[in-house]
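S.K.: Sharing a model that was predicted from the sequence below.
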Amino acid sequence: MKDVFRRLVSDFLSTIVFLVIYLSTDNVILATAVAILGAIGQVAWSRYKGQTLSYMTWASLGLVIVLGSLTLLTHDPRFVLAKPAIGHVAIGVIMLKRGWMLRYMPPIVSETIPEYVTAAGYAWSALMFVLAAGTVAVAMTGDMKLWAFYISVVLVGTKLAAFGIQYVAFRLIVGSRMRAAARA
């Protein structure tokens, strides 16, 4: 679990840096410039340590540089604010693969209710697309405080709520199927 959180922080470091600097200085240009330099520094440090970088790391760096540069050139923060939406769309597309979620389920779930797990995988994909659209909508307002709230509370809270609902639903359905099988 610690490794998962470390990877998440690493993947979102430029966004976190941007958010912290912007909220403490109220300066979009400074926050964007530091986020770009931070992303470049993070990749350089990883390369220096001999780590192989994933496609997602390179893609994230490219997005930070391109969208950050557009923000710096136009003095319009909406470019950098839309970056999380691109990640959500990419993940949503990946989640369209039938049965992707089955490998993450305990055997009792994947063997007892595979059709529900597959349906839940598509529901997660749809959720990613909806969250991406919300991110773009909030980014287009240009309201940094609303965007900060959306990405830190709404995005995270929605995913946690969806996970909780799925967990409870799967437990109830698996329990019901097992009781029915025991009676038969």
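M.R.: Structure received. Numbering: from 1, shown residues only.
S.K.: V80: neighbour count?
M.R.: Each residue near V80 was counted by other C-beta atoms under 10 Å, and the total is 28. No exception for glycine: its C-beta is placed from N, CA and C like everyone else's.
S.K.: meant to ask about I40
M.R.: Counted with other C-beta under 10 Å, the neighbours of I40 add up to 14.
S.K.: check which helix or strand covers it.
M.R.: Using DSSP states H and E, I40 sits in helix 28-48.
S.K.: any idea how far the helix or strand following that helix is from the chain center?
M.R.: Where DSSP H and E defines the elements, the next helix or strand beyond helix 28-48 is helix 55-74. Centroid displacement of helix 55-74 relative to its chain, using C-alpha atoms, centre = their mean, to the nearest Å, is 16 Å.
S.K.: now helix 55-74: mean pLDDT?
M.R.: Averaged across helix 55-74, pLDDT comes to 84.
S.K.: which other residues reach that helix?
M.R.: 11, 14, 28-29, 32-33, 35-36, 39-40, 43, 46, 76-80, 82-83, 86-87, 90 (C-beta atoms under 8 Å, 6 or more residues apart in numbering).
S.K.: Buried subset of these as a PyMOL selection?
M.R.: Per 16 or more other C-beta atoms under 10 Å, the buried members of the contacts of helix 55-74 correspond to this PyMOL selection:
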select buried, resi 14+28+32+33+35+36+39+43+77+78+79+80+82+83+86+87
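S.K.: how about the helices in this protein?
M.R.: Applying DSSP state H to the chain gives helices spanning 2-11, 13-25, 28-48, 55-74, 78-81, 83-94, 107-112, 114-141, 144-149, 155-183.
S.K.: Any chance of those in TSV with distance to W100 as columns?
M.R.: As requested, those are arranged in TSV below (distance: least, C-beta to C-beta, whole Å):
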stretch	distance to W100
helix 2-11	18
helix 13-25	25
helix 28-48	27
helix 55-74	16
helix 78-81	29
helix 83-94	7
helix 107-112	12
helix 114-141	5
helix 144-149	29
helix 155-183	14
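S.K.: Which strands or helices does the helix holding I40 pack on?
M.R.: Helices and strands touching helix 28-48, by 3 or more C-beta pairs under 8 Å, 6 or more residues apart in numbering; DSSP states H and E, are helix 13-25, helix 55-74, helix 78-81.
S.K.: Of those helices, flag the one that's most buried.
M.R.: Most buried of those by mean neighbour count (mean count of other C-beta atoms under 10 Å) is helix 78-81; its value is a mean of 23.
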